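Novice: Coordinates only, no sequence provided:
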């Protein structure tokens with residue numbers, strides 16, 4: 001019998017909570033790691049059998065959640081995409097697709113802490129906009145580490161495998177691009193100074209500059225000219241950049257020249273993509289820009305770009321996401337994006353033959369041999385604080401559980417806390433985990449955080465003080481910190497749950513995984529980029545920290561992430577809800 005609610009009320013809370021959240025406590029599917037896709041790989045028989053023969057329509061974002069600054073390349077009829085990651089590690093995810101719509105993560109470009117410095121950095125530092133290119137059998141990913149080292153590129157023959165150590169280029173600026181010209185020369189473009197696009201020839205083997213850096217364009221006058229990409233088509237050099245800053249005034253502009261170094265003529269229809277004009281005012285997607293162009297294997301042209309889905313009052317929490325739009329070239333040789341320079345959530349346009357990928361499963365069971373690719377650390381980790389080795393494999397400290405060791409670095413500091421998270425990719429979702437807190441020492445705290453940055457996060461955790469365990473719900477909003485609930489615990493095993501919607505995050509707990517007790521509700525807007533600042537999106541993370549001496553441990557059995565599409569529940573959820581109701585009624589009778 002719970003002290004907070006009569007049993008009848010508990011039943012109502014449990015059923016309503018489960019129905020509203022779309023939880024499926026009975027799902028025990030193990031999240032499996034994506035299979036490596038080689039440059040010349042073809043879908044296996046199972047993929048071919050399940051592929052839908054669909055060639056019309058899709059929904060944006062094609063890569064939901066914090067996946068900004070997309071860049072794409074093609075090898076035959078295979079497509080590869082990378083995105084910015086800032087302070088998170090492993091860095092620069094690599095996704096593969098056969099249709100530009102359905103993407104499957106196959107790896108990361110930065111998987112070793114020795115590749116580049118990502119220790120002890122702020123949440124909006126680290127790896128900025130990457131570019132991926134394929135040239136003569138080799139993949140290149142070029143990017144900037146603003147926290148140390150500057151511009152560099154890494155290479156591989158297999159984008160799903162390990163990438164090389166960095167080759168640094170002694171050229172300033174951010175957002176580098178590699179351009180391979182027809183004469184065999186290679187050039188690096190970058191955004192520098194007050195919106196100046198620079199070009200320099202480099203030695204591809206060493207990164208050494210072979211020419212002086214030249215300013216080739218300053219854009220159309222918008223602030224923050226950045227994200228340059230060069231293309232060659234029909235004898236023209238096209239230079240496309242982002243302008244306006246990566247906010248509501250964001251846009252994409254383009255210019256061309258017969259000469260690589262200019263002068264460049266701006267497109268008369270600039271910006272070719274923007275939701276800042278009146279046509280985009282009430283569009284649920286805002287901030288469109290920082291784009292890359294790709295010609296598909298059927299000859300059609302497409303653009304990937306970032307954008308963000310706004311909630312009420314112009315706030316967004318899932319970060320800048322990857323969008324897709326068709327491109328046509330007009331009679332004067334200029335690109336036209338989706339007919340009018342704007343994109344939408346529902347894209348009713350012809351597509352490549354669509355090849356769906358396997359859907360992400362609900363549960364991550366920590367008894368698999370390797371963590372899924374969706375998991376990240378906050379900065380390069382101190383591996384001794386995890387039950388995973390440097391290669392990512394679980395150690396047999398407690399079979400089937402993830403072990404986190406609390407450290408003195410808290411999640412409110414710019415360093416490497418004991419923190420393991422995945423992106424919030426859906427506006428409506430639920431997430432929960434099972435925590436065994438029996439290994440905590442005095443001063444320890446471990447739990448689940450809804451995390452935008454070190455200064456903005458909501459935490460549901462178990463804390464040990466004076467030998468006793470308690471459940472704590474607390475909020476940090478910059479300099480404001482508030483403890484919403486402190487509840488003594490009789491059990492060291494507790495289930496922590498958060499549910500999200502466009503308006504609020506709701507927190508629950510229980511000790512039996514079927515009667516969830518509500519703890520508190522707080523607005524989403526306080527974690528939005530407009531309020532909290534920065535360029536990232538919300539993560540859902542497991543963490544452990546201590547105000548005492550290290551030596552404790554927190555064990556997590558599994559983690560569920562469940563998207564909720566509207567108010568419709570899956571059949572599995574409905575069946576599970578009925579089982580929960582029957583179980584409660586049986587206990588009431590006893």
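Specialist: All right, it came through fine. This one's a predicted model, so the numbers in the text were calculated from it and none came from an experiment.
Novice: For the rest of this, base every contact and every neighbour count on C-alpha atoms.
Specialist: Will do.
Novice: State the pLDDT value of residue 513.
Specialist: As predicted, residue 513 sits at a pLDDT of 81.
Novice: nearest spatial neighbour of residue 87, skipping sequence neighbours?
Specialist: Closest residue to residue 87 apart from its sequence neighbours, by CA to CA, 6 or more residues apart in numbering: residue 126 at 4.8 Å.
Novice: wait, isn't that neighbour in contact with residue 86?
Specialist: Yes: at 4.4 Å, residue 126 counts as touching residue 86 under the criterion of CA atoms under 8 Å.
Novice: on that earlier part again, what's the neighbour count on the residue nearest to residue 87?
Specialist: Close neighbours of residue 126, defined as other CA atoms under 10 Å, add up to 26.
Novice: Residue 536 versus that one, what's the distance?
Specialist: Going from residue 126 to residue 536 by CA to CA, to the nearest Å gives 12 Å.
Novice: shared neighbours, those two?
Specialist: Residues touching both residue 126 and residue 536 (CA atoms under 8 Å, 6 or more residues apart in numbering) are residue 86.
Novice: which regions of this protein lie under the pLDDT threshold?
Specialist: The model of the chain has pLDDT under 70 over residues 1-53, 369, 388-396, 565-590.
Novice: most centrally placed residue in it?
Specialist: residue 66 (3.3 Å; CA atoms, centre = their mean).
Novice: now it: how far from residue 88?
Specialist: 11 Å.
Novice: Likewise for residue 320?
Specialist: Applying CA to CA, the value for residue 320 to residue 88 is 15 Å.
Novice: Those two: which is more packed in?
Specialist: Ranked by neighbour count (other CA under 10 Å), residue 320 and residue 88 place residue 320 first, with 31 against 27.
Novice: Could you tell me which residues make contact with that one?
Specialist: Residue 320 makes contact with 65, 66, 67, 68, 306, 307, 308, 535, 536, 537, according to CA under 8 Å, 6+ apart.
Novice: Spit out the contact partners of the fourth one.
Specialist: The one in question is residue 68. 83, 84, 85, 129, 306, 307, 319, 320, 321, 322.
Novice: Now those residues in CSV, please, with extra columns for secondary structure and distance to residue 169.
Specialist: Output for those, formatted as CSV (DSSP: H, G, I helix; E, B strand; the rest coil; distance: CA to CA, whole Å):
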residue, secondary structure, distance to residue 169
83, coil, 20
84, coil, 19
85, coil, 20
129, coil, 16
306, strand, 26
307, strand, 30
319, coil, 30
320, coil, 28
321, strand, 29
322, strand, 28
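Novice: What is the nearest of those to residue 521?
Specialist: Nearest to residue 521 among the contacts of residue 68 is residue 319, at 21.3 Å by CA to CA.
Novice: okay but the closest one is in contact with residue 532, surely?
Specialist: No: when contacts are counted by CA under 8 Å, residue 319 is not listed as touching residue 532 (11.6 Å).
Novice: between those two, which one's more packed in?
Specialist: A count of neighbours by other CA under 10 Å puts residue 319 above the other of residue 319 and residue 532, at 28 against 18.
Novice: can you tell me how far the more buried one sits from residue 277?
Specialist: In terms of CA to CA, residue 319 sits 22 Å off from residue 277.
Novice: And the strands in the stretch 451-590 of the chain?
Specialist: 456-465, 468-477, 480-488, 493-500, 504-510, 517-523, 539-546, 554-563 (DSSP state E, counting those that start in this stretch).
Novice: could those be laid out in CSV, adding distance to residue 135 and mean neighbour count?
Specialist: CSV is the format used below for the strands of the stretch 451-590 of the chain (distance: least, CA to CA, whole Å; neighbours: other CA atoms under 10 Å):
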stretch, distance to residue 135, mean neighbour count
strand 456-465, 42, 24
strand 468-477, 46, 19
strand 480-488, 51, 13
strand 493-500, 43, 23
strand 504-510, 46, 20
strand 517-523, 48, 17
strand 539-546, 35, 26
strand 554-563, 38, 23
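Novice: of all those, which lies closest to residue 100?
Specialist: strand 554-563 (22.1 Å).
Novice: Parallel or antiparallel, which strands does the closest one pair with?
Specialist: strand 363-365 (antiparallel), strand 402-404 (antiparallel), strand 429-436 (antiparallel) (DSSP bridges).
Novice: Which positions in stretch 199-215 come out as buried?
Specialist: Within stretch 199-215, the residues that count as buried by 16 or more other CA atoms under 10 Å are 199, 200, 201, 202, 204, 207, 208, 209, 213, 215.
Novice: show me where this structure has helices.
Specialist: 7-21, 45-50, 529-532, 571-589 (DSSP state H).
Novice: my read: residue 73 touches residue 135, true?
Specialist: No: at 10.0 Å, residue 73 does not count as touching residue 135 under the criterion of CA under 8 Å.
Novice: Comparing the strands paired with strand 554-563, which stretch has the densest surroundings?
Specialist: For the strands paired with strand 554-563, average neighbour numbers computed from mean count of other CA atoms under 10 Å are highest in strand 402-404, which has a mean of 25.
Novice: contact partners of it?
Specialist: Contacts for strand 402-404 (CA under 8 Å, 6+ apart): 366, 385-387, 394, 397, 418, 543-544, 553-558.
Novice: Looking at those, which one is closest to residue 262?
Specialist: Using CA to CA, residue 418 comes nearest to residue 262 of these, at 50.0 Å.
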